[in-house]
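A.B. asks: A predicted structure for the sequence below; I have some questions about it.
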Amino acid sequence: MGDRNEYQRILMEKRRRAERLVELPAIVDVNRRKSCLRSLPKFLKTYFGEMFNKPWSSAHKACMAKMEYAIRHGGQFANALPRGEGKTTIAKGSGIWAMLGGHRKYPVLVGATEPKAEKLLKDVKAMLRFSDKLAEDFPEVCWPIRALENNAIRCKAQEAVVSAELAEQLEKIYKPKEPLTCQPIKTEMTWTAKVVVLPTVEGCPTSGCVVEIGGLTGDIRGRCITNTKGQVLRPDIAIVDDPQTHDSAKSPSQCNDREEIINADVMGLAGPGEKITVFMPCTVIKHDDLATRFLDPERNPDWQGERHAMIIRWPDDMELWEQYNRVRIKGLKSEDRGKQANGFYRKNKIALEKGAEVSWESRKDRKDCSALQHAMDLFYRLGEKAFYSEYQNEPPVEQLSIYELKPETVRERAVGYDYRHMPMHCTFLTGMIDVNRYGLHYTVIGSTSDFACSIIDYGKYPPSYKDVIWSEEFHGGKTEAQAIYEAVYNFTAELAGRQYMRGNEAKMFDLLTVDCGYQMDIVFRACDAANRVLPIQVAASRGRATKYYNERGSTGRPADNCHRAMWANKGRVVVHNSDYWRSRCQQGFLLSPGAPGSMAIYGKPSQHENFSEHICAEILREHITGDKVEYYDWATKPGVKNDLLDSTVGAMVNASIVGASFDNPRENDWTPGAEAQTKEPPKPRVKQSTQMKY
């Protein structure tokens, strides 16, 4: 019985050893391998032909020539190809070529986010696993990878033995100092979702090469690995694939942050005194976005940038193309599968193609008569804006606003006033707090009687933009209402206790309000409690769109598009026309500091990047003044918050309430306690959001 068990044990051990031992066969075509390692385009066509099954375009050839030079000699290269033309796949293939050719040992795949970077590595792993021709010509790399069967656990025990014929071939190619061993050795591979280490085969340049990932907005610094010889390897090539999202492209501050990360963190991956090769396949989404910056040699002179369009020259007869599009649409409605459009194209082919040039003649679908027809179909299907962005890499400059206010213009209004110090010409001190579950945003301004405003304080509570007042995950055992009440009550007291100066004298708030558009009853209660203990006047604030704003129920003399009221069962409130005051606030930044109606900011321009984006977060696209009604049409920039715009508007409204005026300045006539009880104005019959914005 014992002998039988021993026999079974030995048999199982042989089977396990056979499973973990990989015999590396000879190279099938040495000449093919050599010629492909001399040419990146040939390498991609030969080993990944299913991915690159059409002839190269002139743009492809130009980009690959730059990539090949950068891999061999170093450098930074950004390329913007039309969407769908394989720029990311070419970059991934070039990383493999760089390792197999012995040019680079440690590529890092950088995505806009870490999940996108993981997707890049997953694709690279698939390219190494499933290319049969690559396995034929690079058995020392691909056979151990295939033997894993995508099971990372097998890496620990895997061994490889080089066949005598392969050893002879590799010695002729690489001429190592010592003969290659044909004894089994550990491959020392790593095969995870975030790191890949290629098999160890002594004498081969690919031995121990590393491929790692990183998300652009994550922790990308300090990448290194120690190989089997005890050498510390650092990244020597980075592929930064589409480093921006649609939201980040529209945010100047996010573009600035990502540009700084690439120029500092990514470029510094190679370590002190070492240079790194960087590729950036990108798409231009918006004017002056991140891609535009790296394609611009004036802004980033160390980068070589190339921008390619699908349509190099547009057709001469665009009116005839409009006729084509009408025929195309008619055919779509009748579900003719493009027959009418193709018939019109063939009939008018010479006239339609006159003067036109496309970058890739092979880019077309089976149903298309030509690449030009394919491109024009995309143009009509997507619309001019999307086509110019996605396929021309030349997004149109958007002119949506009836006045043009840019974040840099807002920052230029920082004229050096001391923080929390009112200029001597200011009379009133007012503030407003905007309420959301993720924080209280506030603005404090000093203003003259003719509305020359100076912003002397602003910010968020809690101070960190990562901290929130309340969330379902982080609530500290409190309800949302409890958390917001405490935040409003405590921060109102904190703000009232800050020392604001006018010359050598301390200045107290003339009026401080709190937005009640969110958790209205809670905000009113907190304001009432604050009024009982603080030496300043605190009231709720409510903004209404022009079509809903009226002065019914006002107490005292109404100011300019704003008034005071006492809402029954709630308390004191300042109500204002949010459309009018938002426009007034933004236009104030277009005036010279100190002029009537102008806005200025304390400190230096560099301090106010986030604030300036909030101020410009909403765009006035249209303003129509009629005999009886006014119409405002606002657009909100995606991905950009507007809380500090709301609080700045509210602080301006308060200045109007206490006496400032664009036309007729008056003394402060806010008289607490004199308001009559009025009902809250009736809600309009149309359905509104419960969180109506200013």
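C.D. replies: Looks like it arrived, so ask away.
A.B. asks: For the closest residue in space to Asp663 that isn't next to it in sequence, report the pLDDT, please.
C.D. replies: In space, and not counting its chain neighbours, Asp663 is closest to Asp560: 7.7 Å by Cβ to Cβ, 6 or more residues apart in numbering. Any C-beta I mention is one placed from the backbone N, CA and C, and that applies to glycine too. Note on Asp560: pLDDT of 91.
A.B. asks: just Lys628 next, same as before
C.D. replies: The model reports Lys628 with a pLDDT of 62.
A.B. asks: Please apply the same query to Thr283.
C.D. replies: 89.
A.B. asks: In this structure it contacts Leu290, no?
C.D. replies: No: assessed by Cβ atoms under 8 Å, Thr283 is found out of contact with Leu290, at 10.3 Å.
A.B. asks: With neighbour numbers in mind, choose between those two.
C.D. replies: With other Cβ atoms under 10 Å as the criterion, Thr283 and Leu290 differ in neighbour count, and Leu290 comes out ahead with 29 against 20.
A.B. asks: ok, now how distant is that one from Val210?
C.D. replies: Going from Leu290 to Val210 by Cβ to Cβ, to the nearest Å gives 27 Å.
A.B. asks: now stretch 351-359: mean pLDDT?
C.D. replies: Averaging pLDDT residue by residue across stretch 351-359 gives 95.
A.B. asks: ok, residues contacting that stretch?
C.D. replies: For stretch 351-359, contacts defined as Cβ atoms under 8 Å, 6 or more residues apart in numbering pick out 57-59, 82, 308-317, 320-321, 324, 345, 370-373, 375.
A.B. asks: mind showing which ranges of the stretch 51-200 of the chain have poor pLDDT?
C.D. replies: Within the stretch 51-200 of the chain, not a single segment meets pLDDT under 70.
A.B. asks: where along it do the strands fall?
C.D. replies: With DSSP state E, counting those that start in this stretch, the ranges of strands along the stretch 51-200 of the chain come out as 76-80, 107-111, 159-162, 185-186, 190-191, 195-197.
A.B. asks: Which strands border the fifth one, and is each parallel or antiparallel?
C.D. replies: By that I understand strand 190-191. strand 195-197 (antiparallel) (DSSP bridges).
A.B. asks: do the second one as well
C.D. replies: Strand pairing for strand 107-111, determined by DSSP bridges: strand 210-215 (parallel), strand 237-241 (parallel).
A.B. asks: now do the third one
C.D. replies: Paired neighbours of strand 159-162 in the sheet (DSSP bridges): strand 21-24 (parallel), strand 185-186 (antiparallel).
A.B. asks: how about that strand: buried residues?
C.D. replies: In terms of neighbour count (16 or more other Cβ atoms under 10 Å), strand 159-162 has its buried residues at 159-160, 162.
A.B. asks: returning to that earlier point: ranking the strands of the stretch 51-200 of the chain by burial, who's on top?
C.D. replies: strand 107-111 (a mean of 27; mean count of other Cβ atoms under 10 Å).
A.B. asks: List every C-alpha atom in that one, with coordinates, as CSV.
C.D. replies: This file holds the C-alpha atoms of strand 107-111, laid out as CSV (Å, rounded to 0.1, in the frame of the first residue of the first chain):
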residue,chain,number,x,y,z
PRO,A,107,6.7,51.1,-19.7
VAL,A,108,4.0,52.8,-17.6
LEU,A,109,0.5,53.0,-18.9
VAL,A,110,-1.2,56.2,-17.7
GLY,A,111,-5.0,56.6,-18.1
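A.B. asks: ok, residues contacting it?
C.D. replies: Here strand 107-111 has contacts from 92, 95, 98-99, 117-121, 124, 210-216, 220, 223, 235-243, 266, 269, using Cβ under 8 Å, 6+ apart.
A.B. asks: for stretch 404-415, same thing?
C.D. replies: So stretch 404-415 is contacted by 252, 586-587, 589-590, 593, 598-609, 611-613, 615-616 (Cβ under 8 Å, 6+ apart).
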